[in-house]
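[1] Predicted coordinates and the sequence they were generated for:
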Amino acid sequence: MTSDLAANVGFLRDSRLRYDHVLWGVVLGASSADVALTLVGLSLCFSEANPVARAILDVAGGVGLLALKIAALGVLFAVCRRLDTTYRRAALLAFSLPQLYAVGHNGLLLARYAHLCS
């Protein structure tokens, strides 16, 4: 199974390149942007759609949201330490894609509707 995945997606197995560093950079950048855009939106007039994040925001505010993101990154780091290269890179990619989607979605919402907040 591993060889099939590595054969189809060559960058997952190539150890000469520092894709792990690039993927961690994407994960950290997207996670930071997600938190920042969420806090900007909340400071205007938007509300959090994720019920878990909304409950944490109600209890601990922005610090709680930041703690939630750091906890998720901690779990990702612990998982990645136990995986071989192929699956570690796949996990980083799988974590970053929803983060990138959230950044794009939040950015679009702010660009289109921020002017409606009073």
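    Perfect, thanks for sending it.

[2] so where do the helices sit in the chain?
    With DSSP state H as the criterion, the chain has helices at 2-8, 19-44, 51-82, 85-113.

[3] Confirm for me that residue 20 is in contact with residue 87.
    No - counting by CB atoms under 8 Å, residue 87 is not a contact partner of residue 20; they are 12.0 Å apart. Quick note: C-beta positions are derived from backbone N, CA and C, even for glycine.

[4] Adding mean pLDDT and mean neighbour count, write the helices of the chain out as a markdown table.
    Listed next are the helices of the chain as a markdown table, based on pLDDT from 0 to 100; neighbours: other CB atoms under 10 Å:
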| stretch | mean pLDDT | mean neighbour count |
| --- | --- | --- |
| helix 2-8 | 57 | 11 |
| helix 19-44 | 95 | 16 |
| helix 51-82 | 96 | 13 |
| helix 85-113 | 95 | 16 |
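
[5] tell me, what residue is most central in the chain?
    residue 99 (3.3 Å; CA atoms, centre = their mean).

[6] List the contacts of the nearest residue in space to it that is not next to it in sequence.
    Using CB to CB, 6 or more residues apart in numbering and skipping residues adjacent in sequence, the residue nearest residue 99 is residue 30, 3.6 Å away. Contact partners of residue 30, counting by CB atoms under 8 Å, 6 or more residues apart in numbering, are 96, 99-100, 102-103.

[7] now do residue 46
    Contacts for residue 46 were tallied using CB under 8 Å, 6+ apart; they are 109-110, 113, 117.

[8] Torsion angles phi and psi at it?
    With angles defined as degrees, to the nearest 10, residue 46 sits at phi -80, psi 160.

[9] how much space between it and residue 116?
    Distance, residue 46 to residue 116, by CB to CB, to the nearest Å: 10 Å.
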